[in-house]
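Novice: no FASTA, just this:
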């Protein structure tokens, strides 16, 4: 059992993530279009803003409530976030909601929840987001009796880092990174959510980060203290939070444990974090060094960027791996440049692997009918038989029913991902690929299949 932890609610949380985690809303006074009995959500099953049918509550934070809704016009499920009833009459509620929506709109990345629309209905501000079916990572971690394997953990962390890097590249910091704000969707897709506390940076200014903004268990020392810093250093508060999250994912506990929020913040400022390998002996020492640097008390001693932290994690994985995994891997793609890059990447990810390459879906199906493979990497759009058709055919055959399948796409979006996941695909990679992202995905998928 993991030790008791502090509350996961942020000190100034911006609302719940666009996940399928249900929660119960408190009893408060009802704003327009809300239940007359005072329950803090609109009448479920009714239409909202003339377009959305609200099906159920899937999350709640201090400032907002998130519903699974159905867009009746576009015929798709979405996550719809309303300002919390107790803040509807607050003068700046609409302004804060608009700021969050605009902040999300600055970022377009497969590892960040996408925003679709913003509006106001009878004085109630709302915005509409991509719905990621699944659960947040903390729920996934809590259900496990043991910490995930290194490759499973890296498969999640690598995607989180790419999402946060995209947020930073858009000139924004998240400020409330924690596992309840990271969604785990179909085919192990990870998406960073809840930018309710995010802030767009003005790099011309020299100012403190807002103290007590975020969640105490993940809060960087300079945030606790409100230390004035050059704005260029502000993203390193997110690096610190990622260090806490990495420790937690590898050990199933936080580096600092307290039921009191103020005491928790003092620990982040004053006490050195333990080594992850002291808590969980299976954690290689190479990861201790990476986490220790990310959790440096002095912001100047941390990694300069999330990308640098991500690279250090992947290097630690390489340092810790000295064994060769014997595997047979199929690459099916009609693009010779991508095939060559995928081959080089797999050679690096799985030393000694035997790789077979074909150029269309029909060839891939034929070779899988004759030979056994430990993993298949398929192109979504190729001649003969596309990736969707091929995935369905492979899952229907006894020989390949359990073979791990990864799909590469340059054109597919969330609907393709959901369809492929429903057919049994194990993961996705977006072209042009980041080789290290593919390395992490291949290793995690092989590790999971062997377990």
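Specialist: Looks like it came in fine. None of the values given here were measured: they were computed from a predicted structure.
Novice: Where does pLDDT dip in this structure?
Specialist: Scanning the chain for pLDDT under 70 picks out 1-43, 91, 202-213, 321-325.
Novice: Packing partners of the lengthiest helix in it?
Specialist: Counting residues, the longest helix found in the chain (DSSP state H) is helix 150-169. In terms of contacts (3 or more Cβ pairs under 8 Å, 6 or more residues apart in numbering; DSSP states H and E), helix 150-169 is packed against strand 182-184, strand 190-192, helix 236-251, helix 306-320, helix 435-450. All C-beta spots, glycine's among them, are computed from the backbone N, C-alpha and C.
Novice: just the angle between it and helix 236-251, please?
Specialist: If you take axes from the mean of the first three to the mean of the last three Cα atoms, to 10 degrees, helix 150-169 sits at 170 degrees to helix 236-251.
Novice: where's the residue nearest to residue 393 when sequence neighbours are not counted, which helix or strand?
Specialist: Among residues not flanking residue 393 along the chain, residue 365 sits closest, at 5.5 Å (Cβ to Cβ, 6 or more residues apart in numbering). Per DSSP states H and E: residue 365 is located in helix 361-370.
Novice: Buried residues, that helix. List them.
Specialist: 361, 362, 363, 364, 365, 367, 368 (16 or more other Cβ atoms under 10 Å).
Novice: next helix or strand past it?
Specialist: With DSSP H and E setting the assignment, the helix or strand that follows helix 361-370 is strand 375-379.
Novice: Give me the contact list for that next one.
Specialist: With Cβ atoms under 8 Å, 6 or more residues apart in numbering as the test, strand 375-379 has contacts from 327-335, 338, 342, 346, 361, 364, 368, 386-387, 390-391, 394, 400, 403-409, 429, 442, 445-446, 449.
Novice: in it, what counts as buried?
Specialist: By 16+ other Cβ under 10 Å, the buried positions in strand 375-379 come out as 375, 376, 377, 378, 379.
Novice: One more: stretch 144-158?
Specialist: Using 16+ other Cβ under 10 Å as the burial criterion, the residues of stretch 144-158 that qualify are 147, 148, 149, 150, 151, 152, 153, 154, 155, 156, 157, 158.
Novice: Tell me the one of the residues you listed nearest residue 235?
Specialist: Closest approach to residue 235 among the buried residues of stretch 144-158 (Cβ to Cβ): residue 157, at 17.0 Å.
Novice: re earlier: out of the contacts of strand 375-379, which end up buried?
Specialist: By 16+ other Cβ under 10 Å, those give 327, 329-335, 338, 342, 346, 361, 364, 368, 386-387, 390-391, 394, 400, 403-409, 429, 442, 445-446 as buried.
Novice: Next step: the residues you listed restricted to strands.
Specialist: Secondary structure from DSSP state E places 329, 330, 331, 332, 405, 406, 407, 408, 409, 429 of those in strands.
Novice: and the gap between the closest residue to the last one other than its chain neighbours and residue 226?
Specialist: Across the structure, with Cβ to Cβ, 6+ apart as the measure, the residue nearest residue 429 apart from its sequence neighbours is residue 408 (4.9 Å). Computed with Cβ to Cβ, to the nearest Å, the distance linking residue 408 and residue 226 is 45 Å.
Novice: again with residue 376
Specialist: 52 Å.
Novice: I figured residue 305 hits residue 168, correct?
Specialist: Yes: Residue 305 is in contact with residue 168 according to Cβ atoms under 8 Å; the separation is 7.2 Å.
Novice: what's the overlap in contacts for these two?
Specialist: With Cβ under 8 Å, 6+ apart as the test, residue 305 and residue 168 both reach residue 235.
Novice: Just put the buried residues of helix 361-370 in CSV and tack on distance to residue 254.
Specialist: Listed next are these as CSV, based on distance: Cβ to Cβ, whole Å:
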residue, distance to residue 254
361, 46
362, 51
363, 50
364, 45
365, 47
367, 48
368, 44
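Novice: doesn't residue 387 make contact with the residue nearest to residue 393?
Specialist: No: counting by Cβ under 8 Å, residue 365 does not reach residue 387; the two are 11.6 Å apart.
Novice: Common neighbours of the two, please.
Specialist: By Cβ under 8 Å, 6+ apart, no residue touches both residue 365 and residue 387.
Novice: For residue 291, the count of nearby residues, please.
Specialist: As a burial measure, residue 291 scores 27 neighbours (other Cβ atoms under 10 Å).
Novice: where's it relative to residue 312, distance?
Specialist: 9 Å.
Novice: Counting neighbours, what do you get for residue 81?
Specialist: Residue 81 has 33 neighbours, counted by other Cβ under 10 Å.
Novice: what's the answer for the one 5 residues further on, then?
Specialist: For residue 86, the tally of surrounding residues (other Cβ under 10 Å) stands at 15.
Novice: Doesn't it lie inside a helix?
Specialist: Yes: applying DSSP: H, G, I helix; E, B strand; the rest coil, one finds residue 86 inside a helix.
Novice: what's stretch 263-278 in contact with?
Specialist: Counting by Cβ under 8 Å, 6+ apart, 6, 212, 216-217, 219-221, 224-225, 246-247, 250-251, 255-256, 258, 283-285, 287-288, 291-292, 295, 297 sit against stretch 263-278.
Novice: Between the two ends of it, how far is it?
Specialist: Terminal residues of stretch 263-278 lie 23 Å apart, using Cα to Cα, to the nearest Å.
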